[in-house]
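S.K.: A structural model of the following input is requested.
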Amino acid sequence: MTTHTEAEIASQPSCWRRAVASVPVDALPREGERVAVVGCGTSWFIAMAYATLRERAGHGETDAFAASEFPEGRRYDRVLALSRSGTTTEVLDLLGRVSTRTTAITADPDTPIMSAADEVVVLDYADERSVVQTRFATTQLALLRAALGEDLTQAIDDAERAVSEPLPDTLVTAEQFSFLGAGWSVGLALEAALKMREASRSWTEAYPAMEYRHGPISIAAPGRVTWMLGAAPEGLRAQVEQTGGTFLESTLDPMAELIRAQRVAVARAFARGLNPDEPMHLTRSVILSS
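M.R.: Numbering: from 1, shown residues only. Sure thing, here's the model as predicted:
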């Protein structure tokens, strides 16, 4: 029987198509605004990716924060809050405190975030039954990338490949993973590592690619995988392979490569007798008691 997580991972190409076909430009950050993007867990990592992409596109200064670490007193034209559940305590608390204009992206229109933010974008078609977040995260990033003027045709084609190509057995049995990114894909590397921990309780780490050689490469070894999302710095592959470790890199869009990491996480969960729909110690939303 297919788990919710498997079905949601496989649906990402169609979700991305729907997102880029109907971008609510008026509700999203406008060019020239100074923006803070906030979220928790997966949403924080997606915020990091978008912040880098927005600045790279020349749309204005953009910072990303875990909602609990938002710098009080710093001036922004808009706060963009990412929350699949619409109930996350830290996000709602922040929206209630800031005086600047706020926009939220959520999957559930029947939650407190609808009234907590000035403007709300609802991606209910990308909502999930699994605790482990996959398609909502990438769908909101697809929407945000399209809003910056990106053409995601190739990324969606890459996603179709990522959901269908066979996974090497060596990834299912590997002892350890180090995910690497550069620029906007650093956030995706962090997210890939989180998915591997959540779904399969695997030993995973994540770093900016150029930082990997400043210490973390010391754990590279036979049976361990260094997985680059995006183009690797020159010479990095050779250095990892000299350790006997496996170096993974592809030409897929980093967001599509994240799908492959999600699939490996699920495959490893099954190999360990775990249910990826029900990760240990986690719930769909973190709601803190007062």
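S.K.: Show the residue spans covered by the helices in the stretch 51-200 of the chain.
M.R.: Taking DSSP state H, counting those that start in this stretch as the criterion, the stretch 51-200 of the chain contains helices spanning 89-97, 113-116, 135-147, 153-164, 169-173, 185-200.
S.K.: pLDDT on the third one, on average?
M.R.: Right, the one you point to is helix 135-147. Mean per-residue pLDDT for helix 135-147: 98.
S.K.: ok, now the second one?
M.R.: When pLDDT is averaged over helix 113-116, the result is 97.
S.K.: For that helix, buried residues please.
M.R.: 113, 116 (16 or more other Cβ atoms under 10 Å). C-beta here means a position set from N, CA and C on the backbone, and glycine is covered the same way.
S.K.: do stretch 174-191 as well
M.R.: Of all the residues in stretch 174-191, those buried under the rule 16+ other Cβ under 10 Å are 174, 176-191.
S.K.: re the thing from before, and residue 238, which of the helices of the stretch 51-200 of the chain is closest to it?
M.R.: For the helices of the stretch 51-200 of the chain, proximity to residue 238 was assessed by Cβ to Cβ; helix 169-173 is nearest, at 19.2 Å.
S.K.: now that closest one: how far from the chain's centre is it?
M.R.: With Cα atoms, centre = their mean, to the nearest Å as the basis, helix 169-173 stands 23 Å off its chain's centre.
S.K.: can you check stretch 193-202 too?
M.R.: Relative to the centre of its chain, stretch 193-202 is centred 13 Å away, using Cα atoms, centre = their mean.
S.K.: Residue 221: which of the helices of the stretch 51-200 of the chain is closest?
M.R.: Set against residue 221 and scored by Cβ to Cβ, these come closest in helix 169-173, at 13.8 Å.
S.K.: Who are the contact partners of residue 150?
M.R.: Counting by Cβ atoms under 8 Å, 6 or more residues apart in numbering, residue 150 touches 53, 57.
S.K.: repeat for residue 63
M.R.: Residue 63 is in contact with 35, 36, 37, 51, 76, counting by Cβ under 8 Å, 6+ apart.
S.K.: Using a markdown table, please lay out the helices of the stretch 51-200 of the chain together with distance to residue 6.
M.R.: Formatted as a markdown table, the helices of the stretch 51-200 of the chain follow (distance: least, Cβ to Cβ, whole Å):
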| stretch | distance to residue 6 |
| --- | --- |
| helix 89-97 | 28 |
| helix 113-116 | 28 |
| helix 135-147 | 11 |
| helix 153-164 | 10 |
| helix 169-173 | 14 |
| helix 185-200 | 10 |
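S.K.: Make sure residue 247 is actually in contact with residue 228.
M.R.: Yes. If you go by Cβ atoms under 8 Å, residue 247 and residue 228 touch, sitting 7.3 Å apart.
S.K.: For the chain, give me the ranges with low pLDDT.
M.R.: Within the chain, the stretches with pLDDT under 70 are 280-290.
S.K.: where along it do the strands fall?
M.R.: In the chain, the strands defined using DSSP state E lie at 35-39, 62-66, 78-82, 101-106, 119-122, 176-181, 204-208, 224-228, 246-248.
S.K.: quick one, which of those strands is nearest to residue 130?
M.R.: Nearest to residue 130 among the strands of the chain is strand 101-106 (16.7 Å), distances taken as Cβ to Cβ.
S.K.: Run the chain-centre distance for the closest one.
M.R.: Put simply, strand 101-106 sits 18 Å off its chain's centre (Cα atoms, centre = their mean).
S.K.: Distance check, residue 270 against residue 1.
M.R.: Residue 270 sits 12 Å away from residue 1, going by Cβ to Cβ, to the nearest Å.
S.K.: List just the one of the helices of the stretch 51-200 of the chain that sits closest to residue 80.
M.R.: Taking Cβ to Cβ, helix 135-147 is the member of these nearest to residue 80, at 8.6 Å.
S.K.: Tell me which residues are up against that closest one.
M.R.: Contact with helix 135-147 is made by 8-9, 11-12, 15-16, 18-20, 23, 25, 28, 42-43, 45-46, 49-50, 53-54, 82, 84, 105, 107, 121, 123, 126-128, 152, 155, 191, 255, 258-259, as judged by Cβ under 8 Å, 6+ apart.
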